[in-house]
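1. Here's my sequence, what's the structure:
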Amino acid sequence: MQVRQPGLSAIAELVGEPPTIKRPGPTRKVIAQRREDLRAKDFPPFWREATHDLLTAYHCVCAYACLYIYPITGSATVDHWAPKSKAWDRVYEWSNYRLACSFINAKKGDFSDVIDPTAIDDGIFALDLIAMVAIPGPKAGSRRVAVQETIQRLGLDGSRYTKELDGYYEAYSNGEVSFEYLEKRAPFLARELQRQGKLRAEEILKRPAESPRDMGKSHPG
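-> Model prediction:
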């Protein structure tokens, strides 16, 4: 109600058609003859109204970095999986939204060479626990090139990502935080620690057989 309907009504006005819902204020200026000609910057940002619901649905975890976005100090954004500039008909659709930290969203931009996080299976991505960077996983298979391109595009092999993971890994290794904490704050790291047999001894004894959420399972999709 707060996103789709006002968004589609705005699109109608932008191409010279009558609005589909009434709103206060002047009629929007016509800037294109066809919906396909609208640019990313032309769409009113009604999607921001979905931020709170995305934070709840994704448990405040970035769908791409698989790291917790702190509500006060972090910056949560609504990423359009299909870019606004390439899919006008999905600009205001919930199914096209992914929760992303601002850093990752800026890296992704309008590029389409990033694997959809809702389509990632367990084992497609992995972590090099020495360099602390994302790498193609043991089940990447024919998607190995696409996985590597996603990693490079999003900076999941860069210093900023490495530093963030290092902080969590050090805190866990020193006994400052529990494995359950990692599952909520850095679920990809948690999954890889368990898969690679790197849990603390006391954690191994109490862990159930199931794996924690991985890079592609930290969201409701």
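2. can you pull out the strands in the protein?
-> 76-80, 97-101, 125-128, 133-136 (DSSP state E).
3. Kindly reformat those strands as JSON lines containing distance to residue 44, mean pLDDT and mean neighbour count.
-> In this view, the C-beta of every residue, glycine as well, is placed from N, C-alpha and C. Converted to JSON lines, the strands of the chain look like this (distance: least, C-beta to C-beta, whole Å; pLDDT from 0 to 100; neighbours: other C-beta atoms under 10 Å):
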{"stretch": "strand 76-80", "distance to residue 44": "13", "mean pLDDT": "96", "mean neighbour count": "21"}
{"stretch": "strand 97-101", "distance to residue 44": "16", "mean pLDDT": "96", "mean neighbour count": "25"}
{"stretch": "strand 125-128", "distance to residue 44": "35", "mean pLDDT": "98", "mean neighbour count": "22"}
{"stretch": "strand 133-136", "distance to residue 44": "35", "mean pLDDT": "98", "mean neighbour count": "20"}
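4. Which one of these lies nearest to residue 198?
-> Relative to residue 198, the nearest member of the strands of the chain by C-beta to C-beta is strand 125-128, separated by 9.9 Å.
5. contact partners of the closest one?
-> 133-138, 140, 147, 151, 165, 188-189, 192, 195-196, 214-216 (C-beta atoms under 8 Å, 6 or more residues apart in numbering).
6. Just the CA coordinates for stretch 168-185, please, in CSV.
-> In CSV, the C-alpha atoms belonging to stretch 168-185 read as follows (Å, rounded to 0.1, in the frame of the first residue of the first chain):
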residue,chain,number,x,y,z
TYR,A,168,34.2,-11.3,14.5
TYR,A,169,36.6,-14.2,14.1
GLU,A,170,39.0,-12.8,16.7
ALA,A,171,36.2,-12.1,19.2
TYR,A,172,34.9,-15.7,18.7
SER,A,173,38.4,-17.3,18.9
ASN,A,174,39.2,-15.4,22.1
GLY,A,175,35.9,-16.6,23.7
GLU,A,176,34.4,-13.1,23.8
VAL,A,177,31.3,-14.1,21.8
SER,A,178,29.5,-17.3,21.4
PHE,A,179,28.7,-19.3,18.2
GLU,A,180,25.1,-18.3,18.6
TYR,A,181,26.2,-14.7,18.5
LEU,A,182,28.0,-15.3,15.3
GLU,A,183,25.0,-17.0,13.8
LYS,A,184,23.1,-13.7,14.3
ARG,A,185,25.8,-11.2,13.5
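7. Good, we can wrap up now.
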